[in-house]
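Trainee: With the input below, show me the fold.
(chains A and B)
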Amino acid sequence: MKYLLLIASDPTLPSPEPGDPEFDEYMAAWTQYTQDLAEAGVLRGGEALQGAETATTVRHAGDGTTSLVDGPFAELKEHLGGYYEIDVDTLDEALEWARGLPVGEGAVEVRPIFPTDMPA
Amino acid sequence: MRSRCDRSSRPTCPPRASTLSSDPVGAALTRVAREEGGRLLALLADRLHDLDAADDCLQDAYARAARSWSSRGVPDEPAGWIYVVARNAGIDRLRREAAEGRRTAAQARVLATGVARDEAPDEEPADELLAEYEEVGDEQLRLLLLCCHPALSRETQVVLMLRLAGGLTTREIAASFLLPEATVQQRIVRAKRKIRAARIPLVVPADLDERASILATVLGLIFNEGYVAHSADAGTLTRVEVADRAIALTRAAVEALPDSPELAALLALELFHRSREAARVDSRGALVRLRDQDRALWDRGLVAQGFVVLGRALAMRRPGPWQVQALIAAEHTREAPDWERIVRYYDTLLAMTPGPVARLSRAVALAEVRGPAEALAEIDGIDGLDTFHLWHAARADMLERSGDAHAARVAWTRAAELAVNPAEADYARRRATGEGASPAS
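Mentor: Okay, the predicted model is just below:
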């Protein structure tokens, strides 16, 4: 069963920049986390996203027309910053991985991915 | 999209309690649903690895039982009969799905092994299946814990608990909580969908203490709904029935988790409260405050049970807020409660779980030790209870006892406006007009 871990955080909160003394530590935590996922054999993918200010939303009106909105699909304090796709057996395991993310302050939405591997 | 156990019959509800006396089949069915429903569902869900399918098959088995028992009579082991019929239907269903090329093929084969499948469902159930039914292990615990999985909202946990573990019908839950039946139905459907789609597992979690604590909260909420119904037209009977259902579920939880002192303490608390039922209203149906109640009307048997269960909880030496609340309720069962001790219990409770409502209760107890003036100062110092009728009622009482009749009336009026429960509102109204004032209290 595949799950998406959607990582959201408040971009105005301070986070270490390259060159800060804490930056290496910060990055090491993420590298370690990714490595743990891989070693557990559950990692299917995942990337960090560029800032929400780089997002463009294509809104479908439902009548076939579309319009563009500069920005993410929902205006929230917290922005989507990245995601992991993992493959584990149950929601409890996915939640456990989500708890272990080194996000500092933020939110992780855990979503089961619609199974597409149904036998014909 | 998915096939049902038996397409020809939608689940019919077991008959309501009011029809019991004249209908032995209905009575037997209601009893099985209430007392064994959670256990049956837990077993089926475990064997079929699918909660939703298990529930469908169980509901269909009730419907079949209603038809079959009416002509053949209620079997010796009604719950066992239902289990066998539901399980056979479940296996049929898995077989059908297997035949459709689903990946459940292997499971269906395993499940069907050794099962006398070909006999007609109306015949006496096979012995080996009855044995399986008797051997319920921690399936029921897993079902109880599933109902209060933290990934489900509190409202959903409450409704699921009553429906899946408590064997209540959607209509009964709706009536108990004064919700539209469609709302309850929708919550159950959505919860089942999430359990299935997100794969919430039917397991005993690693952090059992956290889940036991949610379990106690959910059961406490159900009991409280029965004890102080938030409804204008729910009769006394409905409230007692909900409270009794909560007690039965709490008993099941205590049985499944005997090492949880907090669940045992909750059961004790429920028993203490329940013991006062007959004394809570007078002959005209008006509310009687705890201090004015006729203690001769209290159910001493329930009180005694409460003390036994609470003693067991305390012996585990792992204190918690439910234990403290049960201790307070226990103290109130005594002829002359030790108010200083009660105030100390509230101090302990507030240290564990600070909250304005517990502070209010402490202030009311404090009045018995230090007098109404000091209690009033405490009550006035509590923020955030402006819209809580009991805050105004407690103020009113203290003002009255301090001799400020006018201010007391204003406060009683406010309490009457805010109270949702009709008996509570009525009580406050009578005090506002000076009618219900207790002499020299």
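
Trainee: I'd like to know how far the residue in chain A positioned nearest to chain B sits from B:Val203.
Mentor: Nearest to chain B in chain A, going by CB to the nearest CB, is A:Thr90, at a distance of 3.9 Å. Backbone N, C-alpha and C define where each C-beta goes, glycine included. Going from A:Thr90 to B:Val203 by CB to CB, to the nearest Å gives 8 Å.

Trainee: middle-most residue in the chain, spatially?
Mentor: I'll assume chain A. Ranked by distance to the mean C-alpha position of chain A (CA atoms, centre = their mean), the top residue is A:Tyr83 at 2.3 Å.

Trainee: should've been chain B
Mentor: B:Ala246 (2.7 Å).

Trainee: For it, which non-adjacent residue is closest in space?
Mentor: In this structure, B:Ala246 finds its nearest non-sequential neighbour in B:Phe223, 3.6 Å apart by CB to CB, 6 or more residues apart in numbering or on different chains.

Trainee: Next: A:Leu13.
Mentor: Excluding its sequence neighbours, the residue lying closest to A:Leu13 (CB to CB, 6+ apart) is A:Glu105, at 5.9 Å.

Trainee: quick check, that neighbour in a strand?
Mentor: No. Assessed with DSSP: H, G, I helix; E, B strand; the rest coil, A:Glu105 is coil; it does not lie in a strand.

Trainee: Quickly note the distance from it to A:Asp24.
Mentor: Distance of A:Glu105 to A:Asp24, given as CB to CB: 20 Å.

Trainee: Have a look at these two and say which one is more surrounded.
Mentor: More crowded of A:Glu105 and A:Asp24, by other CB atoms under 10 Å in any protein chain shown: A:Asp24, with 12 against 9.

Trainee: Straight-line length of stretch B:274-294, end to end?
Mentor: Taking CA to CA, to the nearest Å, the first and last residues of stretch B:274-294 lie 15 Å apart.

Trainee: do stretch B:273-290 as well
Mentor: Terminal-residue distance, stretch B:273-290 (CA to CA): 10 Å.

Trainee: What are the contacting residues of that stretch?
Mentor: Under the criterion CB atoms under 8 Å, 6 or more residues apart in numbering or on different chains, residues B:223, B:227, B:236, B:240, B:243-244, B:247, B:293-295, B:297-303, B:306, B:329, B:332-333, B:423-424, B:426-427, B:430, B:436, B:438 lie in contact with stretch B:273-290.

Trainee: And it, how far out from the chain middle?
Mentor: Mean-position distance between stretch B:273-290 and its chain equals 21 Å (CA atoms, centre = their mean, to the nearest Å).

Trainee: mind listing what's buried in it?
Mentor: Residues of stretch B:273-290 classed as buried by neighbour count (16 or more other CB atoms under 10 Å in any protein chain shown): B:His273, B:Arg274, B:Ser275, B:Arg276, B:Glu277, B:Ala279, B:Arg280, B:Leu287, B:Val288.

Trainee: what's the answer for stretch B:161-175, then?
Mentor: B:161-170, B:172-175.

Trainee: and the lowest-mean-pLDDT helix or strand in chain A, how far from the chain's centre?
Mentor: Here the helix or strand of chain A ranked lowest by mean pLDDT, DSSP states H and E is strand A:66-70, holding a mean of 90. Offset of strand A:66-70 from its chain centre (CA atoms, centre = their mean): 23 Å.

Trainee: Show me what that strand is in contact with.
Mentor: Strand A:66-70 is touched from outside by A:Thr56, A:Thr57, A:Val58, A:Arg59, A:His60, A:Ala61, with contacts defined as CB under 8 Å, 6+ apart.

Trainee: Return the residues in contact with the residue nearest to A:Leu13.
Mentor: In this structure, A:Glu105 makes contact with A:Ser9, A:Asp10, A:Leu13, judged by CB under 8 Å, 6+ apart.

Trainee: Take those residues and lay them out in JSON lines including secondary structure.
Mentor: Shown next, in JSON lines, are the contacts of A:Glu105 (three-state DSSP):
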{"residue": "A:Ser9", "secondary structure": "strand"}
{"residue": "A:Asp10", "secondary structure": "coil"}
{"residue": "A:Leu13", "secondary structure": "coil"}
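
Trainee: How about stretch B:293-311, which residues are buried there?
Mentor: Neighbour counts using 16+ other CB under 10 Å place B:Gln293, B:Trp298, B:Asp299, B:Leu302, B:Val303, B:Gln305, B:Gly306, B:Phe307, B:Val309, B:Leu310 of stretch B:293-311 among the buried residues.

Trainee: what number of residues lie near the closest residue to B:Thr353 other than its chain neighbours?
Mentor: Closest residue to B:Thr353 apart from its sequence neighbours, by CB to CB, 6+ apart: B:Pro321 at 4.9 Å. B:Pro321 has 20 neighbouring residues, counting by other CB under 10 Å.

Trainee: Following element in sequence after the lengthiest helix in chain A, please.
Mentor: Identified as the longest helix of chain A according to DSSP state H is helix A:23-39. Once the chain leaves helix A:23-39, the next helix or strand it forms, by DSSP states H and E, is strand A:43-48.
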